[in-house]
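Peer 1: Give the three-dimensional model of this entry:
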Amino acid sequence: MAAQINRDSKDSEVKKSMEEQRMQAVLLTGHGGYDKLVTRELPIPKPETGQVLVRVKTSGLNFAELHCRQGLYQVPGGLPPCPFSMGMECAGVVEEVGSGVVQPKVILILYN
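Peer 2: Numbers count the residues shown, from 1 in each chain. Okay, here's the model as predicted:
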């Protein structure tokens with residue numbers, strides 16, 4: 001029983017710590033060259049219903065995203081408004097799940 005209490009206490013500390021933490025994000029501020037990419041510190045988002053929060057360990061930009069940066073890639077519904085974060089290909093750990101999530105599945109989110 002004591003081990004369970006300690007685990008709950010530790011989980012609580014991790015959640016509190018995440019609320020205070022911020023994340024680094026590379027944002028596309030407009031379409032064009034590399035000068036349109038900026039690094040910003042943002043609050044860690046809270047997952048909404050049906051969403052998961054992933055702590056990204058590594059990510060990359062694929063060919064389509066490089067064209068997107070230049071404003072050349074056509075996406076159904078159009079490109080998201082700037083600023084937004086690219087990085088469709090990533091690997092990480094599910095940190096938190098929103099309500100209604102039973103089996104976490106990671107999906108693509110094109111913008112913040």
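
Peer 1: Can you list phi and psi of V75 for me?
Peer 2: When read as degrees, to the nearest 10, the backbone of V75 gives phi -120, psi 140.

Peer 1: ok, it touching F84?
Peer 2: No. Using C-beta atoms under 8 Å, V75 makes no contact with F84, being 11.4 Å away. Any C-beta I mention is one placed from the backbone N, CA and C, and that applies to glycine too.

Peer 1: quick one, which of the two is more surrounded?
Peer 2: Remark: of V75 and F84, F84 carries more neighbours, 16 against 10, as counted by other C-beta atoms under 10 Å.

Peer 1: if we look at the sheet, which residues does that one bridge to?
Peer 2: Note on F84: beta-bridge partners by DSSP bridges are L28.

Peer 1: right, and it touches L28 too?
Peer 2: Yes. If you go by C-beta under 8 Å, F84 and L28 touch, sitting 5.8 Å apart.

Peer 1: low pLDDT regions in this structure?
Peer 2: Applying pLDDT under 70 to the chain picks out residues 1-19, 105-112.

Peer 1: Now do the strands in it.
Peer 2: Using DSSP state E, the strands of the chain run over residues 22-28, 37-43, 52-60, 84-85, 89-97.

Peer 1: Using JSON lines, please lay out these together with distance to L66.
Peer 2: Formatted as JSON lines, these follow (distance: least, C-beta to C-beta, whole Å):
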{"stretch": "strand 22-28", "distance to L66": "11"}
{"stretch": "strand 37-43", "distance to L66": "11"}
{"stretch": "strand 52-60", "distance to L66": "11"}
{"stretch": "strand 84-85", "distance to L66": "15"}
{"stretch": "strand 89-97", "distance to L66": "12"}
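
Peer 1: Pick out the residue closest to the middle of this protein.
Peer 2: Centroid-nearest residue in the chain: V54, 6.2 Å away (criterion: C-alpha atoms, centre = their mean).
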